[in-house]
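**Q** Below: sequence and its predicted model.
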Amino acid sequence: MWKLLIVSLAILNFYGDCKSHKNWSRRDEANEISARKPHKHADPPDHTKLIPMARYVAHNCDWASLATISVLPAIEGFPFSNVKSIVDGSLANSTGVPYFYMSPLDFSARDLSKNSRATVLISLEETRYCETQNIDPEDPRCTRLILSGKMKKVKENTPEYTFAKAALFERHPDMANFPADHDWFVAKLKIAQIAMIDWFGGAKYIPVRDYLAYNYTGTEMLHYHNAHHRLHNKQ
C-alpha cells in the first residue's frame with residue numbers, strides 16, 4: 001500500500017513539474033516574441049517645438065486615460081478615470097482629434113451620457129520612449145498631453161464616421177471582434193483646452209486652433225505597423 005502511494009505521488013510530482021515547465025516555456029516564448037517586436041524608431045520632436053510635440057504624442061500613442069464625472073451611486077460627482085484605446089486618424093493621416101470606440105455599457109459612456117465634459121491624458125511613455133531613455137513616466141521630460149473638452153458621438157453614415165471607424169479598426173484590429181450586441185459607437189473629443197508638460201518649468205498651453213491646423217506629416221506609426229506585420233508574417 002505504501003509503495004503504491006509513493007509511486008502515485010512521484011507520478012503526480014513529475015506531471016506537475018512538466019506542466020509547470022510547459023507554462024513557463026509559453027511565457028518565455030511570449031516574452032521572446034514581445035522582445036522582438038519592433039519599436040518606433042523616429043524620436044519625438046525637440047521639446048521646444050510645442051505643437052509638433054503635441055501632435056506627435058496624439059498620433060503615436062495607442063491608448064489614453066479618459067477622465068469623466070462619475071454617475072456611480074457610491075462616488076457620484078467624483079472624477080473617474082478609465083483606459084481607452086484611441087486614434088487621431090489613420091496611420092498615415094493624423095487629425096489631432098482623439099477618436100474612441102465606445103459602448104453604452106462602459107463606465108465612461110455612462111458618465112458621458114449625463115455630463116459630456118472629459119479630459120484625455122496621453123503619455124509619451126506609451127511609446128516606451130521614456131523607458132528607453134531611463135526617464136520616469138512622472139519626469140516632466142516624459143511628455144504628457146492633456147486634452148479637455150466635451151465628448152460627442154460621431155454621426156453614423158457620414159464621411160467622418162467612416163474615416164474614424166476605419167482608423168480605429170486599423171490601429172486596433174481586435175475591435176472587429178468586440179461583442180456585436182454592445183451597441184458600439186464612435187465618439188470624439190471636441191477640444192476646448194490643451195495643456196502639455198514636456199520639460200521643466202510647468203505646463204504649457206497650446207491654442208486649439210493652431211494645434212488642429214498644424215500639418216503633421218509624421219509616418220512613424222505607418223512604418224512601425226508595416227515592420228510589425230512583416231515580422232509577424234515571418235513567424
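**A** All right, it came through fine.
**Q** from here on, contacts and neighbour counts on C-alpha atoms
**A** Will do.
**Q** Direction included, what does the longest strand seen in the chain pair against?
**A** In the chain, taking DSSP state E as the definition, the longest strand is strand 185-197. Each strand paired with strand 185-197, and its direction, by DSSP bridges: strand 93-102 (antiparallel), strand 144-153 (antiparallel), strand 204-205 (antiparallel).
**Q** Take these and write them to TSV, including mean pLDDT.
**A** TSV is the format used below for the strands paired with strand 185-197 (pLDDT from 0 to 100):
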stretch	mean pLDDT
strand 93-102	97
strand 144-153	98
strand 204-205	98
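**Q** what's the closest of the ones you listed to residue 117?
**A** strand 144-153 (4.4 Å; CA to CA).
**Q** which of the residues in that closest one are buried?
**A** Within strand 144-153, the residues scored as buried using 16 or more other CA atoms under 10 Å are 144-152.
**Q** Mind listing residues that contact it?
**A** If you take CA atoms under 8 Å, 6 or more residues apart in numbering as the criterion, strand 144-153 is touched by 54, 57-58, 112, 116-124, 185-198.
**Q** And stretch 68-88, how far out from the chain middle?
**A** For stretch 68-88, the separation from the chain centroid amounts to 16 Å (computed by CA atoms, centre = their mean, to the nearest Å).
**Q** mind checking the end-to-end distance for that stretch?
**A** Stretch 68-88 has an end-to-end distance of 20 Å (CA to CA, to the nearest Å).
**Q** Could you give the bridge partners of the residue nearest the centre of the chain?
**A** What sits nearest the mean C-alpha location of the chain, by CA atoms, centre = their mean, is residue 63, with 1.3 Å. Counting by DSSP bridges, residue 63 forms beta bridges with residue 85.
**Q** List the residues that contact it.
**A** 83-87, 122, 126.
**Q** Just to check, residue 54 is in contact with residue 196?
**A** Yes. When contacts are counted by CA atoms under 8 Å, residue 54 is listed as touching residue 196 (7.4 Å).
**Q** just to revisit the earlier point, and the residue nearest to the centre of the chain, how close does it get to residue 125?
**A** 11 Å.
**Q** Span of stretch 80-92 from start to end?
**A** Stretch 80-92: ends 32 Å apart by CA to CA.
**Q** Check which residues of that stretch are buried.
**A** By neighbour count on 16+ other CA under 10 Å, the buried set for stretch 80-92 is 80-81, 84-91.
**Q** So which of those belong to strands?
**A** Going by DSSP E, the strands hold 80-81, 84-85, 87-90 from these.
**Q** about what we covered before: now, of the contacts of strand 144-153, which are buried?
**A** Looks like these have 54, 57-58, 112, 116-124, 185-191, 194-198 buried, using 16+ other CA under 10 Å.
**Q** Output the strands paired with strand 185-197 in TSV; the columns should cover distance to residue 44.
**A** Below are the strands paired with strand 185-197 laid out as TSV (distance: least, CA to CA, whole Å):
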stretch	distance to residue 44
strand 93-102	15
strand 144-153	13
strand 204-205	17
